[in-house]
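In: Need coordinates for the below:
(one chain, ligands or ions: 1)
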Amino acid sequence: MNILLSREGRDDAGEVGGARAVNRHHGLAEEAYEAIFAQLMVLRIAPGSRITVDNLARELNVSQTPIREALGRLEGEGLVVKTHLIGYRAAPQITRRRFDELYDLRLLLEPEAALRAARAMDDKRLETLREVAGVMSRKQGGDERLRYSAFARHDAVFHDRILEFAGNELVRQTLAHQHTHFHIFRLMFHSRVTEEALDEHEALLSAFAARDGKAAKRAMRDHIERSRDRLLPAFE
Ligand SMILES: [Zn+2]
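Out: Prediction:
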């Protein structure tokens with residue numbers, strides 16, 4: 001990971017160039033967050049395992065401050081758990097029961113949302129969705145693990161945008177608070193998880209392009225059911 005800055009002047013915002021120092025600090029926390037997020041997504045940090053601030057600081061070559069900030073953010077996303085006096089560890093894997101509940105919730109809400117989004121679709125929104133989907137399909141260099149974690153994030157954005165266009169903010173927030181995508185992608189690190197999803201997103205985009213609500217609803221149900229079936233082997 002490429003977080004290379006001298007040990008001096010990282011966290012302090014001095015009088016000269018103070019704004020830049022603050023930005024740099026912000027950038028470090030962001031980079032630390034991305035790096036740890038990726039390790040969690042591809043199970044390089046195993047679910048339930050201890051996370052030592054010291055080790056991460058050394059590995060990423062930053063001070064403890066940005067690491068703690070990053071871990072705090074990941075805690076908010078349910079990927080990291082902090083225990084008093086013990087410290088941080090990676091959240092345990094979701095249970096089979098929670099997995100079933102999450103997919104049940106998605107199947108209750110997202111197909112209908114896709115239908116509504118299709119009926120409220122306009123060119124600008126379609127362009128937004130195509131853009132997010134396009135980022136996912138682009139091969140980003142050779143690092144399969146970084147690609148995988150980026151996919152998890154963009155898939156979350158893609159689905160969130162559809163919920164936004166569907167127009168019910170409460171439904172959108174309900175799903176957002178579950179951080180579903182982060183938890184399900186962490187079940188299994190496998191290229192099949194991402195590649196098949198791309199085709200399913202294409203089917204959704206076609207339905208949106210045609211402003212075909214019923215087709216969008218069907219495509220979304222299909223996508224979620226297949227996603228569930230792809231990840232089920234993680235429990236075997
Ligand atoms: Zn998706």
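In: which residues sit in contact with the residue nearest to A46 when sequence neighbours are not counted?
Out: Closest residue to A46 apart from its sequence neighbours, by C-beta to C-beta, 6 or more residues apart in numbering: A90 at 6.5 Å. All C-beta spots, glycine's among them, are computed from the backbone N, C-alpha and C. A90 is in contact with L40, I45, A46, P47, G48, S49, I51, L79, V80, V81, counting by C-beta atoms under 8 Å, 6 or more residues apart in numbering.
In: Can you show me the helices along this protein?
Out: Using DSSP state H, the helices found in the chain span residues 18-41, 53-60, 64-76, 96-119, 123-137, 144-166, 169-178, 180-185, 191-209, 213-231.
In: can you list contacts of the shortest one?
Out: Contacts made with helix 180-185 from outside it, assessed by C-beta under 8 Å, 6+ apart, are listed as 41, 77-79, 94, 99, 102, 106, 148-149, 151-153, 155-156, 159, 193, 227, 231.
In: Now restrict the residues you listed to buried residues only.
Out: 41, 79, 94, 99, 102, 106, 148-149, 151-153, 155-156, 159, 193, 227, 231 (16 or more other C-beta atoms under 10 Å).
In: Identify the residues contacting stretch 198-217?
Out: Residues from elsewhere that reach stretch 198-217 (C-beta under 8 Å, 6+ apart): 111-112, 114-119, 121, 125-126, 129-130, 133, 136-137, 158, 162, 218-220, 222-223, 226-227.
In: and A120, what are its phi and psi?
Out: phi -100, psi 10 (degrees, to the nearest 10).
In: Could you do L43 as well?
Out: With angles defined as degrees, to the nearest 10, L43 sits at phi 70, psi 20.
In: Spatially nearest residue to it, not counting backbone neighbours?
Out: F189 (5.5 Å).
In: backbone phi and psi for that neighbour, please?
Out: phi -100, psi 100.
In: how many neighbours does it have?
Out: 17 (other C-beta atoms under 10 Å).
In: ok, it - contacts?
Out: So F189 contacts M41, V42, L43, R145, Y148 (C-beta under 8 Å, 6+ apart).
In: Please repeat the previous calculation with a cut-off of 6 Å.
Out: Residues counted as contacts of F189 (C-beta atoms under 6 Å, 6 or more residues apart in numbering) are V42, L43, Y148.
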